[in-house]
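1. make a model of this:
(one chain, ligands or ions: 1)
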Amino acid sequence: MNNAAIEVIKLLKTYDGKKALAGISFNVKEGSCFGLLGPNGAGKSTTMKILSGLLEADGGSVSIFGREIRKAGNAIKDQLGYVPQSITLYEKLSAYDNLQFFGEMYGVPKSELKQRIGEVLEQVGLADRAKDEVTAFSGGMKRRVNIAAALLHRPKLIIMDEPTVGIDPQSRNHIFEMIRGLKKAGVTVLYSTHYMEEVEALCDDLAIVDHGQVIAQGELNEVLERHGTQTVYLELHNGGRPPALAGVNAPIQRGRGWTIETDAPLDVLAGWAQACRSASLKVSQLEMVRPSLEDVFLIMTGTTLRDN
Ligand SMILES: Nc1ncnc2c1ncn2[C@@H]1O[C@H](COP(=O)(O)OP(=O)(O)OP(=O)(O)O)[C@@H](O)[C@H]1O
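-> All right, here's what the predicted structure looks like:
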């Protein structure tokens, strides 16, 4: 399970003299869900298009299942499903007929196609809408048909470019469930998003991309530990200022409570508990707070993910 499904080395791409990719490198383990997290314009789509063979890189290399994509050609394309950011469906055709068209395009044998369409519609939660024209579908349902199209030929790797942008929560949940199902079946998923909660909910590993470069990567908790700051949060019943602790950072007010940034959160937690008990202060909340990817992004770039 731990072989590399994707190996990206120092990928470069320039559009009209403007650098979109400035040496992106990352590895994706087979059977894992890998998140490419970054703000708009970071280079996620460009990377995914190069991996899918739709765009040629100016430099660097990409290997998928151990084969350099420029040399492997169609042998790799058969193992790969790509879900673009923009929805590409025939509005006047039913979901079933759209999938029939895509299935033929992907070369799914005619004898299997009907059954396969039924299976992928089931996978994306639209089996009961097979005969309905796509024009009547919500944005989220259209997106799910697009995902179904990319699954028809049973790819071992699926590349999804921001599949949840602008869709309803129900479709988002269906997509999440579907991804979890794919992972269980051993399919590798590369998933791009600018929502850190999605990476936290779905991905085993991630790379944070900014200005065409990977600025942090690894397993989620590892990235949070390596680049994020641990904090301890304390809120007193009377909303007052908590006792100061010797040898640690001064508390900073956050909403109704106070936080201390520290490398030794358990010591601060114990110290605050002891100090409050000694001073007979009533505690409403006292806890360690895990750093978030938002914090990591802020520390690494000086800007927030959401401002973009
Ligand atoms: N076809 C193109 N022609 C010129 N510039 C482009 C083209 N496609 C992308 N770019 C530029 O390349 C950079 C990276 O864009 P890319 O779409 O890969 O980023 P992204 O992280 O996927 O962002 P988004 O979330 O907005 O899709 C941006 O500065 C973008 O404006």
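2. the helix-or-strand element of the chain with minimal mean pLDDT: how far from the chain's middle?
-> Lowest on mean pLDDT, DSSP states H and E among the helices and strands of the chain sits helix 74-77, with a mean of 80. Helix 74-77 sits 24 Å away from the centroid of its parent chain (CA atoms, centre = their mean, to the nearest Å).
3. show the subsequent helix or strand relative to that helix.
-> The first helix or strand that comes after helix 74-77 along the chain, using DSSP states H and E, is strand 80-83.
4. for that following strand, which strands pair with it and how are they oriented?
-> With DSSP bridges as the test, strand 80-83 is paired with strand 157-161 (parallel).
5. say whether the ligand is contacted by the partner strand.
-> No: using CB under 6 Å from any ligand atom, strand 157-161 never reaches the ligand; the gap is at least 7.0 Å. (Glycine included, C-beta is placed from N, CA and C.)
6. I'd like the average pLDDT over that strand.
-> Averaging pLDDT along strand 157-161 yields 96.
7. packing partners of the following helix or strand past it?
-> The helix or strand immediately downstream of strand 157-161 is helix 169-184, counting by DSSP H and E. Packing partners of helix 169-184 (3 or more CB pairs under 8 Å, 6 or more residues apart in numbering; DSSP states H and E): helix 139-151, strand 188-193, helix 196-202.
8. picking that back up, could I get the buried residue list for the least confident helix or strand of the chain?
-> 76-77 (16 or more other CB atoms under 10 Å).
9. if we can go back for a sec, to residue 182, which of the helices and strands packed on helix 169-184 lies closest?
-> In terms of CB to CB, the element of these nearest to residue 182 is strand 188-193, at 5.9 Å.
10. tell me the strands beside the closest one, with direction?
-> Using DSSP bridges, the strands paired with strand 188-193 in its sheet are strand 33-37 (parallel), strand 157-161 (parallel).
11. residue 97 is nearest to which of these?
-> Of the strands paired with strand 188-193, the one closest to residue 97 (CB to CB) turns out to be strand 157-161, at 22.5 Å.
12. so what touches the closest one?
-> For strand 157-161, the external contacting residues (CB atoms under 8 Å, 6 or more residues apart in numbering) are 5-6, 44-45, 48, 51-52, 64-65, 79-85, 147, 150-151, 179, 182, 187-192.
13. try stretch 56-70
-> Outside stretch 56-70, the residues that touch it by CB under 8 Å, 6+ apart are 3-14, 21, 23-25, 30, 50-51, 53, 72, 75-76, 79-80, 156-157.
14. chain center to it, what's the gap?
-> Between the centre of stretch 56-70 and the centre of its chain there are 22 Å (CA atoms, centre = their mean).
15. highest average neighbour count across the strands paired with strand 188-193?
-> Stretch with highest mean neighbour count among the strands paired with strand 188-193: strand 33-37 (a mean of 27; mean count of other CB atoms under 10 Å).
16. phi, psi of residue 156?
-> phi -90, psi -20 (degrees, to the nearest 10).
17. what residue ranges in the chain are flagged as low confidence?
-> By pLDDT under 70, the low-scoring segments of the chain are 1-2, 306-308.
18. still on that earlier bit, which of the helices and strands packed on helix 169-184 sits most buried?
-> Among those, the stretch with the highest mean neighbour count (mean count of other CB under 10 Å) is strand 188-193, at a mean of 26.
19. that one near the ligand anywhere?
-> No: taking CB under 6 Å from any ligand atom as the criterion, strand 188-193 and the ligand are apart, separated by no less than 6.5 Å.
20. now do that strand and helix 169-184, the angle between them.
-> 150 degrees (axes from the mean of the first three to the mean of the last three CA atoms, to 10 degrees).
21. still on that earlier bit, dump the strands paired with strand 188-193 into TSV; add distance to residue 174 as well.
-> Output for those, formatted as TSV (distance: least, CB to CB, whole Å):
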stretch	distance to residue 174
strand 33-37	16
strand 157-161	13
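22. which one of those lies nearest to residue 91?
-> Of all those, the one in closest proximity to residue 91, counting by CB to CB, is strand 157-161 (20.7 Å).
23. run the chain-centre distance for the closest one.
-> Centroid separation between strand 157-161 and its chain, computed with CA atoms, centre = their mean, is 11 Å.
24. cool, stretch 71-86 as well?
-> Between the centre of stretch 71-86 and the centre of its host chain there is 19 Å, according to CA atoms, centre = their mean.
25. list of residues touching that stretch?
-> Contacts of stretch 71-86 with the rest of the structure, by CB under 8 Å, 6+ apart, involve 45, 48, 51-54, 64-65, 67, 69, 107, 146-147, 150-151, 153, 155-163, 165.
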